[in-house]
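Visitor: Pasting the sequence and the predicted model now:
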Protein chains: 2
Amino acid sequence: MKLYVSERAPNPRRVQMFIAAKGITGITEVLVDINAHEHRQAEFLARNPMARIPILELDDGRCLSESRAICSYLEGLYPEPNLMGRDADERAFIEMHDRHVEWYLTLPLAQAIRHQHPGLAVLEQPQFPEFGASQQAKAMDSVRWLDGVLQRQPWVAGERFTIADITAFCTIEFARLLKFKPGEQGFGALQAWRDRVAAQVP
Amino acid sequence: MKLYVSERAPNPRRVQMFIAAKGITGITEVLVDINAHEHRQAEFLARNPMARIPILELDDGRCLSESRAICSYLEGLYPEPNLMGRDADERAFIEMHDRHVEWYLTLPLAQAIRHQHPGLAVLEQPQFPEFGASQQAKAMDSVRWLDGVLQRQPWVAGERFTIADITAFCTIEFARLLKFKPGEQGFGALQAWRDRVAAQVP
């Protein structure tokens, strides 16, 4: 299998961390240069018409896009350690937590960065800086929510490490582009959890 | 089980259509008045701190939010007709198609409506109409993409009706707020599919 990735983007990192947490070996990484618009060229679009990274190319030639769908596929091939739920009940609740992070933290934060950061102007045209600032405020509300969650429980979805921790970790690390560091901004539980995740994944 | 819903919003409709397509009976609907901000009151926030609808309240008192996570739970309880994939391979590819719709059609369309429609000012503050217009253009790109997909295959994920059709159907119906009707705007395959979905779900 081949995994198409790009540097510094949070979505491919999500899949890379998932692979590392599973201890999966043997997947070849192919680096795509987004700044050179390689993801908009015909060869890439044939693999993913949505022009997004990452993509997992299977050995039978089929291409799977969307980070979370790639993780679902790999979870099926490599069930242990379980990161997405052992039955439909647990799968649904982990999906809920993962989506809370995706939609209420990752999305506003990504929009804050894409609409405000000069380095992202190559990807987001036109940028709307005032909209970006409003999204940054929403992302900070979600940071407060997540810090509160992690004051009550060790991991985002509860008592064990799951894909929701990977999603949240990649988001918080991406927030460094806005000079956000949880510990320095009073979010002690979030910082302690961030350090636990970094220690958890090789 | 109880399902908390609101009128006219696309997300609760997604779950309601999923339930109808499965032929599930016996779930009690509870109507939440978003315009009166009932979803921001303490009783509701105890069920979903993200203040979003729908929520499925289980008989054991646990509350599950996020439309797609609720569908995953119901798929486990009521496996037939299968709408989300029979094994991990199929589940991953259906998830990919469902997310393509969610992130590249539903999201920009919802932002176009929330940031431009006067009736949504109660939910989206501040509104950024120019950002909304840019998202409407992106949503129309995705409409063209989806119409192309449906020229080649009968359903969004391929040869059979799945959750991805429900997600796309609720999105296209929501687009009526922008006076969008596929058939009148030259998207014949999308209109024919929309009518097939309406006939598919009782």
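Guide: Sure thing, it's come through.
Visitor: Cross-check the contact I'm expecting between residue A:108 and residue A:132.
Guide: No: Residue A:108 is beyond contact range of residue A:132, at 9.5 Å (criterion: Cβ atoms under 8 Å). For glycine as for every other residue, the C-beta is placed from the backbone atoms N, C-alpha and C.
Visitor: Please write out the alpha-carbon positions of the helix or strand of chain A with the lowest mean pLDDT in PDB.
Guide: When the helices and strands of chain A are scored by mean pLDDT, DSSP states H and E, helix A:42-47 comes last with a mean of 91. The C-alpha coordinates for helix A:42-47 follow below in PDB (Å, rounded to 0.1, in the frame of the first residue of the first chain):
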ATOM      1  CA  ALA A  42      -4.400  15.100 -13.400                       C
ATOM      2  CA  GLU A  43      -2.400  12.200 -12.100                       C
ATOM      3  CA  PHE A  44      -3.400  13.100  -8.500                       C
ATOM      4  CA  LEU A  45      -7.000  14.000  -9.300                       C
ATOM      5  CA  ALA A  46      -7.400  10.500 -10.800                       C
ATOM      6  CA  ARG A  47      -6.700   9.200  -7.300                       C
END
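Visitor: neighbouring contacts of that helix?
Guide: Under the contact criterion Cβ atoms under 8 Å, 6 or more residues apart in numbering or on different chains, helix A:42-47 has outside partners A:4, A:32, A:38, A:51, A:55, A:57, A:63, A:65.
Visitor: does residue A:29 count as helix, strand or coil?
Guide: Of the three states, residue A:29 takes strand under DSSP: H, G, I helix; E, B strand; the rest coil.
Visitor: residues near it, how many?
Guide: Residues lying near residue A:29 (other Cβ atoms under 10 Å in any protein chain shown) number 12.
Visitor: what sits opposite it in the beta ladder?
Guide: residue A:3 (DSSP bridges).
Visitor: give the contact list for it.
Guide: Contact analysis of residue A:29 by Cβ under 8 Å, 6+ apart lists A:2-5, A:16.
Visitor: All the helices of chain A, residue numbers only.
Guide: Ranges of helices in chain A, per DSSP state H, are A:10-22, A:42-47, A:67-77, A:88-101, A:107-116, A:129-152, A:163-174, A:188-200.
Visitor: can you list the ones you listed in CSV and add mean neighbour count?
Guide: Below are these laid out as CSV (neighbours: other Cβ atoms under 10 Å in any protein chain shown):
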stretch, mean neighbour count
helix A:10-22, 21
helix A:42-47, 12
helix A:67-77, 22
helix A:88-101, 22
helix A:107-116, 22
helix A:129-152, 17
helix A:163-174, 24
helix A:188-200, 16
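Visitor: and the ones you listed, which one's lowest on average pLDDT?
Guide: Comparing mean pLDDT across these, the weakest is helix A:42-47, with a mean of 91.
Visitor: With distance to residue B:20 as added columns, please give the helices of chain A in JSON lines.
Guide: What follows is the helices of chain A, written out as JSON lines (distance: least, Cβ to Cβ, whole Å):
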{"stretch": "helix A:10-22", "distance to residue B:20": "33"}
{"stretch": "helix A:42-47", "distance to residue B:20": "35"}
{"stretch": "helix A:67-77", "distance to residue B:20": "25"}
{"stretch": "helix A:88-101", "distance to residue B:20": "19"}
{"stretch": "helix A:107-116", "distance to residue B:20": "29"}
{"stretch": "helix A:129-152", "distance to residue B:20": "33"}
{"stretch": "helix A:163-174", "distance to residue B:20": "30"}
{"stretch": "helix A:188-200", "distance to residue B:20": "40"}
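Visitor: of those helices, which approaches residue B:72 most closely?
Guide: Among the helices of chain A, helix A:88-101 comes nearest to residue B:72, with 4.3 Å by Cβ to Cβ.
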